[in-house]
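Colleague: no sequence for this one, just the structure:
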């Protein structure tokens, strides 16, 4: 404390980050030199002290006014050493990875091609959001939701609009989408109603259906098939079911197509109320929100048509197939959205 040090002329010893960066002279005992943040430390220096921790005694002398200091020196190679792996095959590149690539001078990394995703909403009852929904008509939310979910993953999305429930219209639009995309997402028309025509039309277009239902609520009649150059997901018409099945089935699939093994972010939290259900056999998903850093409660949720509930949700709670109840205070896994 209070030690005085002689200041060397900065044009001889000092170094400014971004210039030549190499100090022109070493520092001796009881000497110091002014350098800018990020500059190379002159030979002979023990540490770097912050200018805020000094006061000027005279033109060539300063005094350190604190009791102690860290050395404030970054050593060469302390963050990345020669031979270190900074990114691995399959890593999802985010802004922090861009910084690492820039740091090591990798300006042209090998990356996967972005999947092309076609989106079709089916249903003669649908109109687009810009239109007035009169009579029995409802606005198409699924098509735009699916497009937004795929775009959020940085996929290339082709939106084909609404297809009415006729074989001619559906077949023509599906043929076009199959020819222009890697993955086709359809919503509606996959259950057992008179106008649920999608499974049959997919088969007519060379799509082999690998499954046509899943043990998840909501979203049981979710269908998946493959063709020569296309993969197809036909999802239910109820918007919450469509949203959840994209998150649980489609998202991991699209990431895997690009070489990335998706791991959803999951946290443990205590449930703040009792939850019961009457039947087993399917995994039930419930939208929940955090009331504290480690506590969650279900949002107001009226079923698979209640898409508003997802706007209030921070994550999804999965009630497993064999579970019939969860008690208040139990710890649960919450998949973050």
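Modeller: That came in fine, so what should we check first? All figures in this text were calculated on a predicted structure; none of them were measured in a lab.

Colleague: where does the stretch 1-150 of the chain have low pLDDT?
Modeller: 1-21 (pLDDT under 70).

Colleague: For it, which segments count as strands?
Modeller: 4-7, 31-32, 54-58, 61-64, 116-122, 126-127, 138-139 (DSSP state E, counting those that start in this stretch).

Colleague: Mean neighbour count, those strands: which tops it?
Modeller: Of all the strands of the stretch 1-150 of the chain, strand 116-122 has the most neighbours on average by mean count of other C-beta atoms under 10 Å, namely a mean of 25. Where C-beta positions appear, they are placed from N, C-alpha and C, glycine not excepted.

Colleague: bridging residues for the most far-flung residue of the chain relative to its centre?
Modeller: If you look at how far each residue of the chain sits from its centre, by C-alpha atoms, centre = their mean, the farthest one is residue 58, at 55.9 Å. Beta-bridge partners of residue 58, counted by DSSP bridges, are residue 61.

Colleague: can you tell which of the strands of the stretch 1-150 of the chain is closest to residue 178?
Modeller: Closest approach to residue 178 among the strands of the stretch 1-150 of the chain is made by strand 116-122 (7.8 Å; C-beta to C-beta).

Colleague: Can you give the contact residues for the closest one?
Modeller: 140, 142-143, 146-147, 150, 155-165, 170, 173-174, 177-178, 180-189, 198, 237, 254 (C-beta atoms under 8 Å, 6 or more residues apart in numbering).

Colleague: burial of residue 328, as a residue count?
Modeller: Other residues within reach of residue 328, judged by other C-beta atoms under 10 Å, total 11.

Colleague: Direction included, what does the helix or strand where residue 160 lies pair up with?
Modeller: Secondary-structure assignment from DSSP states H and E places residue 160 in strand 156-163. Sheet pairing of strand 156-163 (DSSP bridges) gives strand 116-122 (parallel).

Colleague: List the buried residues in the longest helix belonging to the chain.
Modeller: Ordering each helix of the chain by length in residues (DSSP state H) puts helix 167-180 first. Applying a neighbour-count criterion of 16 or more other C-beta atoms under 10 Å, one finds 170, 171, 173, 174, 177, 178 buried in helix 167-180.

Colleague: Many thanks, we can stop here.
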